[in-house]
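Enquirer: the sequence and its predicted three-dimensional model are supplied below.
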Amino acid sequence: MANVANRQGAPGGKTTSPDDLRELWPSLGTAIVKVFDIVAATVGWNERRLQAAGRPFRAIHSHPFDHATYYPGATRMAAS
């Protein structure tokens, strides 16, 4: 969430007038949940929503770590 706040807040902070505001980049909806040892994450629309909207898409499945690797105990998340 901090990344989105910085991206959205920086252009506003650099201006003194609403007329000077630049177009803000859209942000992607992101959710990350950890319950005990299980981690689930999603970014943006899912395939069902994209198909219903008739939008072309490409699915990418990655296996990132569950937290920053410079902290001990980082393990890879797996897509199911």
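Expert: Sure, I can see it. Numbers count the residues shown, from 1 in each chain.
Enquirer: shaky segments in this structure?
Expert: Residue ranges of the chain with pLDDT under 70: 1-27, 78-80.
Enquirer: pretty sure Leu50 belongs to a strand, no?
Expert: No. According to DSSP: H, G, I helix; E, B strand; the rest coil, Leu50 belongs to no strand; its state is helix.
Enquirer: residues touching the residue nearest to it when sequence neighbours are not counted, list them.
Expert: Once flanking residues are discounted, Leu50 sits nearest to Phe57: 4.4 Å by CB to CB, 6 or more residues apart in numbering. Where C-beta positions appear, they are placed from N, C-alpha and C, glycine not excepted. Contacts here follow CB atoms under 8 Å, 6 or more residues apart in numbering; on that basis Phe57 touches Trp45, Glu47, Leu50, Gln51.
Enquirer: so how far is Asp66 from Val33?
Expert: 11 Å (CB to CB, to the nearest Å).
Enquirer: touching both of these two, which residues are there?
Expert: By CB under 8 Å, 6+ apart, Val33 and Asp66 have these common neighbours: Val39.
Enquirer: more crowded one of those two?
Expert: Legend: neighbour count by other CB atoms under 10 Å for Val33 and Asp66, higher for Asp66 (16 against 9).
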